[in-house]
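Trainee: Using only what follows, build the 3D model:
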Amino acid sequence: MTTQSRASQSAASQPDASQSGASFLTTWFAILDSEDADRILDLISDDFSFAILFSTGGDGATDFHGGRAEMEGYLAQREVGVRTHHLLSASTVGQDELFLGEVRRHGELEATFVASARLTGAGRVRQLLIGRSPSVLFT
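Mentor: Residues are numbered from 1 along each chain as shown. Here you go, the predicted structure:
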């Protein structure tokens, strides 16, 4: 198992994603933060499933989940160029990657998130689980 911490670095601006301990998820968030976030659809397997629990604090949370079509819907509703993902720590164990990070809105800390991905042998994501909340900040 490899683990490496990089406090407050943007996934999108890391010089070498393979050194993060979760190279797939590091790449995923870099693409998600780009102007062409739909490119993440090229990284999912045919049997892809995901859930994203998106908390805004208090009782405000939305559960996005499903397969490819639902991920396309999730991408369509996002505010492009507003939120960025910043790595705090990451690890890989076999085909599983874990990523702890911060979400920033226009550069200001908004929430902490955790992501886990199970990859196929071909290096595509089969299962993705993400949770975020402003209630617990790791900084």
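Trainee: for this protein, which residue is closest to the average position?
Mentor: Phe29 (4.9 Å; Cα atoms, centre = their mean).
Trainee: Point out the other helices and strands that the one helix or strand it maps to packs with.
Mentor: According to DSSP states H and E, Phe29 maps onto helix 23-32. Counting contacts by 3 or more Cβ pairs under 8 Å, 6 or more residues apart in numbering; DSSP states H and E, helix 23-32 is packed against strand 83-93, strand 96-105, strand 108-119. For every residue, glycine as well, the C-beta is placed using N, CA and C.
Trainee: Which one, of those strands, ends up nearest to Leu137?
Mentor: Closest to Leu137 of these is strand 108-119 (Cβ to Cβ; 5.5 Å).
Trainee: List the buried residues in that closest one.
Mentor: Within strand 108-119, the residues that qualify as buried are Glu110, Ala111, Thr112, Phe113, Ala115, Ala117, Leu119, counting by 16 or more other Cβ atoms under 10 Å.
Trainee: contacting residues around the second one?
Mentor: By that I understand Ala111. Contacts for Ala111 were tallied using Cβ atoms under 8 Å, 6 or more residues apart in numbering; they are Ser55, Glu102, Val103, Arg132, Ser133, Pro134, Leu137.
Trainee: can you redo those as JSON lines with pLDDT, secondary structure and neighbour count?
Mentor: Compiled in JSON lines, the contacts of Ala111 are given as follows (pLDDT from 0 to 100; DSSP: H, G, I helix; E, B strand; the rest coil; neighbours: other Cβ atoms under 10 Å):
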{"residue": "Ser55", "pLDDT": "95", "secondary structure": "strand", "neighbour count": "17"}
{"residue": "Glu102", "pLDDT": "97", "secondary structure": "strand", "neighbour count": "22"}
{"residue": "Val103", "pLDDT": "96", "secondary structure": "strand", "neighbour count": "18"}
{"residue": "Arg132", "pLDDT": "97", "secondary structure": "strand", "neighbour count": "22"}
{"residue": "Ser133", "pLDDT": "96", "secondary structure": "strand", "neighbour count": "17"}
{"residue": "Pro134", "pLDDT": "96", "secondary structure": "coil", "neighbour count": "15"}
{"residue": "Leu137", "pLDDT": "94", "secondary structure": "coil", "neighbour count": "11"}
